[in-house]
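# Below: sequence and its predicted model.
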Amino acid sequence: MPTNASLQGYYKVLFQYLETYSLLGPIIGSLAWGPQWFYNELIPSNDPPRNDLEVNAQMATWHLVVAYTIMFTLTALAYSTVRDSLAHDLALQEKFTGVIIGALAVGDLLHTTATFRTLPLDIRYAPGSWNTTTHGNISFCVLLHLSRISWFLGVGRQRYYFGQPASASETSNQKVKI
């Protein structure tokens, strides 16, 4: 079986397995207990959970579940597709893996910022009062983002594309694009 040389060790465990399968929680929870379960998990509260969501809130929550499902499917399939399809071209394998990781890095920043800014002030700076979902949306996303930056910097891995000098023949054949 071919290996994805650009996604080994820590990065493989974190991106291909932990991140991917962490997306299943909201999907399974919502399918098992309805959209109100996920809705009530988004912002930690001492109030009793709401069971009477307005139709708009139900639809928005189901759309969020669909987004998690799409992310799960893409990450579950994308890394293995890169591994299997580009087994003999390590630079191209790393380039495509970088596209996936780069897009998810943008998502990390947006997701973390939106979650943090939306939290009520009384719990925003009190991580001890956050629930699992809030830690997933902030703490785990910060870890993912820092790990993605480390991946691009080549920390703990061999690089094949990013950070490699272009060969003289590649440099001479490049054209200016306007």
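Sure, I can see it. Numbering: from 1, shown residues only.

# From here on, just use CA atoms for contacts and neighbour counts.
Will do.

# any idea of the mean pLDDT in stretch 155-164?
Averaged across stretch 155-164, pLDDT comes to 89.

# just stretch 116-134 next, same as before
95.

# ok, now stretch 49-59?
The average pLDDT within stretch 49-59 is 91.

# For residue 126, the count of nearby residues, please.
By other Cα atoms under 10 Å, the residues close to residue 126 number 9.

# host element of the spatially most central residue of the chain?
With distances taken as Cα atoms, centre = their mean, residue 104 lies nearest the centre of the chain, 4.8 Å away. Here residue 104 is covered by helix 90-118, with elements defined by DSSP states H and E.

# how far out from the middle of the chain is the biggest helix by length in the chain?
Longest helix in the chain, counting residues (DSSP state H): helix 55-85. Counting by Cα atoms, centre = their mean, to the nearest Å, helix 55-85 is centred 10 Å from the centre of its parent chain.

# Show me what counts as buried in that helix.
For helix 55-85, burial by neighbour count (16 or more other Cα atoms under 10 Å) applies to 58, 61-62, 64-65, 68-69, 71-72, 75-76, 78-79, 81-83.

# ok, back up a step: what helices or strands is the helix holding residue 104 leaning on?
Secondary-structure packing of helix 90-118 (3 or more Cα pairs under 8 Å, 6 or more residues apart in numbering; DSSP states H and E): helix 55-85, helix 141-153.

# I'd like to check the angle between the longest one and helix 90-118, please.
This points to helix 55-85. With axes from the mean of the first three to the mean of the last three Cα atoms, to 10 degrees as the basis, helix 55-85 and helix 90-118 are set at 160 degrees to each other.

# Report all helices and strands that helix 55-85 contacts.
With contacts taken as 3+ Cα pairs under 8 Å, 6+ apart, helix 55-85 sits against helix 20-22, helix 24-33, helix 35-42, helix 90-118.

# Let me see the mean pLDDT of stretch 96-108.
96.

# rewinding a little: any idea how far the helix holding residue 104 is from the chain center?
For helix 90-118, the distance to the chain centre is 6 Å (Cα atoms, centre = their mean).

# try stretch 130-140
Relative to its parent chain, stretch 130-140 has a centroid offset of 13 Å by Cα atoms, centre = their mean.
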